[in-house]
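Peer 1: I need the structure of the sequence given here:
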Amino acid sequence: MSVPMGPRAREAALRRLAEDEFDVLVVGGGVVGAGVALDAVSRGLSVALVEARDLAAGTSSRSSKLIHGGLRYLEQLDFRLVREALRERGLLVTRLAPHLVRPVPFLFPLRHRVWERGYVGAGVLLYDTLGGARVLPRHRQLSHSRALREAPGLRSDALVGAIKYYDAQVDDARFTMTVARTAVQYGACVTTRTKVTGFLRDELPDGGARVTGAVVRDLEGGAELRVRARQVINATGVWTDEIQRLAGASPGSRGSVTVQASKGVHLVVPRERIRLDTGLILRTEKSVLFVIPWGPHWIVGTTDTPWDLDKVEPAPTRADIDYILEHVNAVLRTPLTHDDIEGVYAGLRPLLGGSGSSSPTVKLSREHAVIRPEPGLVIVAGGKYTTYRVMAKDAVDVAVAGLGQKVPASVTDRVPVLGAAGFEALRNNRRRLAGRAGLPVARVEHLLGRYGSCVEEVLALVEADPGLGEPIPGAEGYLKAEAVYAVTHEGALHLEDVLVRRTRVFIEERDHGLAAAPEVAALIAPVLGWDDDRMRAEIDAYRSGVEADLAAQREIDDAAANAVRLAAAAPANQVA
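Peer 2: As a prediction, this is how the structure comes out:
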């Protein structure tokens, strides 16, 4: 059985924050922060993690949802980054998270005869080779006719042939939450809606100071906690500069890093609107564009533009949407329209934009950096989702050097995340599981792909209350039991947490979950102790957020969309 992250567990975790001293305090509940917590606790260290919002509330729920080496980085000759990412991809697919990370085929259309096939083919061959042991099928060269059989939705004149290769995909928010739950399973103290407002320091004999913890405000109850820790690791992604300022360091000064946020926008459209048997990768004048299978949908994106406005809810604009439609429609037989769009989401990539004067300036890249700006404080920044585990390991290595004791090396390359152990055996027994729970086999297969071996805990809810085995009205891709499990075991505290991140109703349903919201609120209210007024407030806050997103998408530029998003979302911020 897994360790639950429900309301009672949160109360116990808050008491631990106030009373205990930890070896490591992690600031940030994205995939890197969750990875740091797991790396540190699996070395035998006492660990706490605090997150100001929800697990994966920022970048880690808004990615392209790919686990990949990055073909375009080969063209930039960044072989080390690609090799590292492909190694991590292999670990995730085979050992660490086979229930959450799965292979997906992609088609790379060729536009030029002879030279492009050799040029791209050599690159994809290197891509296959750099990954080490063969984990995914090798690439294949396809003729024009064979490519169109695999992708009948493409215009005949959009390609002269294609190369088919494999990468992997993941539900980014679910994976991040699962890594955090795995850390809790090994003893870490993880809390959300707990915001760092300052740092604790002890004076040193030389007149300097050492960071010894953080001042943390519980945004749910209002209490202020002084959390003591021997080492603090900041893993806040695009908020790195803000945390550095809070610590008294200016981004770009000596011993600091600068992070530039880059906005990436994605569209979600129905699967039947694009006739493809594989995913698709297209070159654009700026970068690449993916068409990625996502259950009964396609995810199409992304953009890559600088962003220096509100980081909590980056706003997609009409211009972003038009850019994506223009580029994907250039190769489709039947163009997509705005009416085809089911969902839109925007995320921010944390790109290293520079460093202090003691280090050479770096280009904006997907490389990561780990620095110690002052004793007791470690900052990890940059990187990409796929290499989160390497970033976490490097950050903990630096923190361990400041503990003054012998600590085992990282073992996370051999520690499967929660739900991986026993997954394949349960998958082979899916018919038995389905019969026991009274559910269709296809539904159990879907649950196995979300929970792995923890599916038995979800099915236990259905066995105890068969009504929880019904689909959620307005979000029929999910069972009522999944909403309940989100608050009993997965740390969800608000309606938004369930509809946006524990499930992906917000981007998958045309109404963004507005029809499902009352039903989900009623399901989770008893667990979270809500009365009718609180339920209505949560539903109203969720509706305000949806309306804010839709209003922003009608604006043509970032500044206007950001202003509309902030103004419209103001009422939602009152629920806590």
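
Peer 1: C-alpha from now on. contacts and neighbour counts both.
Peer 2: Noted.

Peer 1: show me how the chain divides into domains.
Peer 2: Split into domains by automatic domain parsing, the chain comes to 7-60+173-256+366-414, 76-168+261-349, 423-574.

Peer 1: could you dump those domains into TSV and include distance to residue 1 and mean pLDDT?
Peer 2: Putting the domains of the chain into TSV (distance: least, CA to CA, whole Å; pLDDT from 0 to 100) gives the following:
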stretch	distance to residue 1	mean pLDDT
domain 7-60+173-256+366-414	10	95
domain 76-168+261-349	17	94
domain 423-574	8	95
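
Peer 1: how about JSON lines for those domains, with distance to residue 68 and mean neighbour count added?
Peer 2: Listed next are the domains of the chain as JSON lines, based on distance: least, CA to CA, whole Å; neighbours: other CA atoms under 10 Å:
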{"stretch": "domain 7-60+173-256+366-414", "distance to residue 68": "6", "mean neighbour count": "21"}
{"stretch": "domain 76-168+261-349", "distance to residue 68": "6", "mean neighbour count": "19"}
{"stretch": "domain 423-574", "distance to residue 68": "19", "mean neighbour count": "19"}
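
Peer 1: Throw these into CSV and include distance to residue 67, thanks.
Peer 2: Converted to CSV, the domains of the chain look like this (distance: least, CA to CA, whole Å):
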stretch, distance to residue 67
domain 7-60+173-256+366-414, 5
domain 76-168+261-349, 5
domain 423-574, 16
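
Peer 1: so for residue 70, which of those sits nearest?
Peer 2: Smallest distance to residue 70 across those (CA to CA): 6.3 Å, for domain 76-168+261-349.

Peer 1: can you give me the offset of that closest one from its chain's centre?
Peer 2: 17 Å (CA atoms, centre = their mean, to the nearest Å).

Peer 1: got the end-to-end distance for it?
Peer 2: 18 Å (CA to CA, to the nearest Å).

Peer 1: can you pull out the helices in the stretch 201-350 of the chain?
Peer 2: 240-246, 318-329 (DSSP state H, counting those that start in this stretch).

Peer 1: now render those helices as JSON lines, adding distance to residue 189.
Peer 2: Output for those, formatted as JSON lines (distance: least, CA to CA, whole Å):
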{"stretch": "helix 240-246", "distance to residue 189": "21"}
{"stretch": "helix 318-329", "distance to residue 189": "39"}
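
Peer 1: ok, now which ones touch the residue nearest the centre of the chain?
Peer 2: Relative to the mean C-alpha position of the chain, the nearest C-alpha, by CA atoms, centre = their mean, is the one of residue 60, at 2.5 Å. For residue 60, the contact set (CA atoms under 8 Å, 6 or more residues apart in numbering) comprises 30-31, 172-173, 176, 385.

Peer 1: for residue 84, state which of those is nearest.
Peer 2: Nearest member of the contacts of residue 60 to residue 84, counting by CA to CA, is residue 385, at 12.1 Å.

Peer 1: how far away is that closest one from residue 536?
Peer 2: Applying CA to CA to residue 385 and residue 536 gives a distance of 36 Å.

Peer 1: now do residue 29
Peer 2: For residue 29 relative to residue 536 (CA to CA), the value is 28 Å.

Peer 1: now residue 516
Peer 2: Using CA to CA, residue 516 is found at 13 Å from residue 536.

Peer 1: repeat for residue 464
Peer 2: Distance of residue 464 to residue 536, given as CA to CA: 28 Å.

Peer 1: now do residue 515
Peer 2: For residue 515 relative to residue 536 (CA to CA), the value is 14 Å.

Peer 1: surely residue 48 touches residue 189?
Peer 2: Yes. Proximity of residue 48 to residue 189 meets the contact threshold set by CA atoms under 8 Å, at 4.5 Å.

Peer 1: the strands in the stretch 51-200 of the chain, which residues?
Peer 2: Ranges of strands within the stretch 51-200 of the chain are 66-67, 102-110, 140-142, 161-169, 189-191, 194-203, based on DSSP state E, counting those that start in this stretch.

Peer 1: now do the stretch 351-500 of the chain
Peer 2: 368-374, 377-382, 471-472, 475-479.
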